[in-house]
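In: I'd like to go over a predicted model; first the sequence, then the structure.
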Amino acid sequence: MMFLLRNSEIYQDIVAFDLTDGTWQRVDLEMQNKLGPRGLSGFFALLSSNFCAIFRSGQEIMMCVGGVRISLSKDVKISVSGNRDQRRLVVSKKGEMVVAQVYSLDNWGKIKGDPTPFVEEEDFDFGLLIANIILILVY
């Protein structure tokens, strides 16, 4: 099953993610235009060069960290800790760690074509976004 995911940092960067084998490839603008009505299923980021994504599959919200794919539910806990230079994303299910990813926010530069360049830079953290989404599922 293939999903189209938008890069959380670069608006026009879209990948096709194959849930079956966990592979992904960039989709060029011409192909994006052809696939237009199909729509996007979620977002992705490269956390220290490891693919991380959150997307909808049917009625489920799924995430991928590296090669690990997880269906988000109330028994999944996600925590993010550390400073901007060394963040740690930990995903646990039923109290047992499923996957951990160490990454840095240093890779997040200015957004290309930033519509609000006058606003102070922010440290967008994709791992923290995913952790916040799971909180919505739980409560």
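Out: The structure has been received and is ready for your questions.
In: Show me the contact partners of the least confident helix or strand in the chain by mean pLDDT.
Out: Across the helices and strands of the chain, the lowest-confidence element by mean pLDDT, DSSP states H and E is helix 29-35, at a mean of 72. Around helix 29-35, the neighbours that count as contacts under Cβ atoms under 8 Å, 6 or more residues apart in numbering are Leu4, Gln12, Ile14, Val27. All C-beta spots, glycine's among them, are computed from the backbone N, C-alpha and C.
In: Kindly tell me how buried Val90 is, as a neighbour count.
Out: By other Cβ atoms under 10 Å, 18 other residues sit near Val90.
In: Confirm that Ile134 sits in a helix.
Out: Yes - the assignment for Ile134 is a helix, going by DSSP: H, G, I helix; E, B strand; the rest coil.
In: That one reaches Ser79, doesn't it?
Out: No - in terms of Cβ atoms under 8 Å, Ile134 does not count as a neighbour of Ser79; the distance is 9.7 Å.
In: So for those two, which residue has more residues nearby?
Out: Ile134 (20 against 14).
In: who's in contact with the closest residue in space to that one that isn't next to it in sequence?
Out: Nearest residue to Ile134, sequence neighbours excluded (Cβ to Cβ, 6 or more residues apart in numbering): Ile78, at 4.8 Å. By Cβ under 8 Å, 6+ apart, Ile78 lies in contact with Leu89, Val90, Val91, Ser92, Gly127, Ile130, Ala131, Ile134.
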